[in-house]
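Novice: 3D, please:
(chains A and B)
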Amino acid sequence: MGKELLLPLFNWMGETPWSKAISESKYAFAIIEVFHLFGIILLLGGASLMALRLMGLTMKEQKISEVGRQLRWYTFAGLATMLVTGLLMTSSIPNKYYHSVPFWWKMGFFWSGVVFHFTLYRKVTRSDNTGYGLAVLTALLAVVLWYTTGAFGRAIGFY
Amino acid sequence: MSFSTSAFMRLYDSIDKFLEAQCIWLANTPGGTYIRESIWEFPTIEGIHVLSIAMSVGMILWFDLRLMGVNMKNRPISEVFRGVYWYMVGGFAAAIISGMLLFWAEADRAYPNIFARIKFLALLFAGLNILYFHLGTQRSQSDWDDSPTPPLRVRIAGFMSITWWIVVISAGRLMAYTF
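Specialist: Prediction:
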């Protein structure tokens, strides 16, 4: 599987001062998770609207690059918030996450999403000369990658 | 304790007892029990609930930021509204339906929960905010539809909307923690 290679990282996370602080506090984890949700809303909200524009389903009065420019920093802020709060939550109980199956699915979709976001998505949302086929493919990839990440994230709490 | 206070308390108690009994009854109907005890239905409904909130609030956000004069300032407010409206409504409908199913399964535990009460109250205020905006503020929309920075009362409406949704989401998440 290869996840064993990351075991030292998980062990280190469990030793960090913030790991102890979060796991000993009654409300810290819940509050961090609320901010994780805000990050998700910014990222999914931004990616959803961008995807709809790429497919030509909304805001056609505005150029793709214009919509992209208006949403870019919100989407980035959402991604950064998710990453920081996600690392904090994982640090608090690394053992649980290491052994959770949905967690690894989530990581697969999340990091694929990050690579996609800073490559194809970045290129397509900054240009007004992309072919319709590629624009639709980019839109579908954004929706599938981020919403699946979210769904597996929710599943961690159950399985 | 004066007569009026005790009469008020008795009324409050009887309403409280009545609603509590309804919630306990609801959670124990065959439908409520089925959802609660299901292997994959409950997690699926909860997943749909979270993702549809991300979809609906993620769409409302762009309209609210436009009302606040923060984003898409060079586009008319009505145009931004049209752009997000049906997706926002679709996400919201999915969130309401999945939320009702979750409430059905856990009404007895939600009823006394402080965060559940905060969430429902904030939902009510979010609704009143929309109603006030629609029936009052919006009547003069032709005056500020194109304005990059709309009048203060319009910006406040956008800010209040975002605030209520932050409360709804925070309380909703904390409510599931304190069950």
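Novice: Just give the number of residues close to whichever residue of chain B sits closest to chain A.
Specialist: The nearest approach of chain B to chain A comes at B:Gly58, 2.0 Å away (Cβ to the nearest Cβ). Using the backbone N, CA and C atoms, a C-beta is placed for each residue, glycine as well. A total of 26 residues lie near B:Gly58 under the criterion other Cβ atoms under 10 Å in any protein chain shown.
Novice: what sits against the residue sitting nearest the centre point of chain B?
Specialist: For chain B, the residue sitting closest to the mean C-alpha position, by Cα atoms, centre = their mean, is B:Leu123 at 3.2 Å. Applying Cβ atoms under 8 Å, 6 or more residues apart in numbering or on different chains to B:Leu123 gives the contacts B:164, B:168.
Novice: returning to what we had before: quick check, the residue of chain B closest to chain A in contact with A:Leu44.
Specialist: Yes: in this structure, B:Gly58 is within contact of A:Leu44 by Cβ atoms under 8 Å, at 5.3 Å.
Novice: can you tell me the helix or strand for the residue of chain B closest to chain A?
Specialist: Element membership of B:Gly58, judged by DSSP states H and E, is helix B:41-67.
Novice: Is the residue nearest to the centre of chain B in a helix, a strand, or coil?
Specialist: The local conformation at B:Leu123, judged by DSSP: H, G, I helix; E, B strand; the rest coil, is helix.
Novice: Relative to B:Val168, how far out is it?
Specialist: Taken as Cβ to Cβ, to the nearest Å, the spacing of B:Leu123 relative to B:Val168 amounts to 6 Å.
Novice: Please enumerate the helices of chain B.
Specialist: Residue ranges of the helices in chain B, as given by DSSP state H, are B:3-27, B:30-37, B:41-67, B:77-110, B:114-135, B:141-144, B:152-177.
Novice: same for the helix-or-strand element of chain B with minimal mean pLDDT, what does it pack against?
Specialist: Counting by mean pLDDT, DSSP states H and E, the weakest-scoring helix or strand in chain B turns out to be helix B:3-27, with a mean of 90. Here helix B:3-27 touches helix B:30-37, helix B:77-110, going by 3 or more Cβ pairs under 8 Å, 6 or more residues apart in numbering or on different chains; DSSP states H and E.
Novice: roughly how far is the last one from the heart of the chain?
Specialist: Helix B:77-110 sits 8 Å away from the centroid of its parent chain (Cα atoms, centre = their mean, to the nearest Å).
Novice: Would you mind checking the average pLDDT for that helix?
Specialist: Averaging pLDDT along helix B:77-110 gives 96.
Novice: Check the shortest one too.
Specialist: Across helix B:30-37, pLDDT averages out at 96.
Novice: Tell me which residues are up against that helix.
Specialist: Residues outside helix B:30-37 that contact it (Cβ under 8 Å, 6+ apart) are B:26-27, B:41-42, B:45, B:101-102, B:104-107.
Novice: from these, which is closest to A:Phe103?
Specialist: Closest approach to A:Phe103 among the contacts of helix B:30-37 (Cβ to Cβ): B:Phe42, at 19.6 Å.
Novice: List the contacts of the closest one.
Specialist: Under the criterion of Cβ under 8 Å, 6+ apart, the neighbours of B:Phe42 are B:35-36, B:102, B:105.
Novice: Which members of these are the farthest-apart pair?
Specialist: Looking at those by Cβ to Cβ, the two members farthest from one another are B:Arg36 and B:Leu102, with 9.4 Å of separation.
Novice: neighbour-wise, which of the two wins?
Specialist: Neighbour count, other Cβ under 10 Å: between B:Arg36 and B:Leu102, B:Leu102 has more, with 20 against 17.
Novice: wouldn't the more buried one be in contact with B:Gly47 here?
Specialist: No: B:Leu102 sits out of contact with B:Gly47 when judged by Cβ under 8 Å, with a separation of 11.0 Å.
Novice: Excluding chain neighbours, give the residue nearest to the closest residue to chain B within chain A in space.
Specialist: Scanning chain A for the residue nearest chain B gives A:Gly45, at 2.0 Å (criterion: Cβ to the nearest Cβ). With sequence-adjacent residues excluded and distances taken as Cβ to Cβ, 6 or more residues apart in numbering or on different chains, A:Gly45 is closest to B:Gly58, at 2.0 Å.
Novice: I'd like the distance between the one you found and B:Phe115.
Specialist: Using Cβ to Cβ, one obtains 22 Å as the distance from B:Gly58 to B:Phe115.
Novice: Please work out how many residues are found near A:Val115.
Specialist: Residues lying near A:Val115 (other Cβ under 10 Å) number 12.
Novice: Most distant residue from the centre of chain A?
Specialist: Quick read of chain A (Cα atoms, centre = their mean): farthest out is A:Glu61, 28.6 Å.
Novice: residue contacts, B:Arg109?
Specialist: B:Arg109 sits next to B:27, B:179 when contact means Cβ under 8 Å, 6+ apart.
Novice: and chain A, which of its residues are near chain B?
Specialist: A:30, A:33-34, A:37-38, A:40-42, A:44-46, A:48-49, A:52, A:58-59, A:61-62, A:70-71, A:74, A:147, A:150-151, A:154-155, A:158-159 (Cβ under 8 Å from any Cβ of the partner chain).
Novice: residues touching B:Trp164, list them.
Specialist: For B:Trp164, the contact set (Cβ under 8 Å, 6+ apart) comprises B:122-123, B:125-126, B:129.
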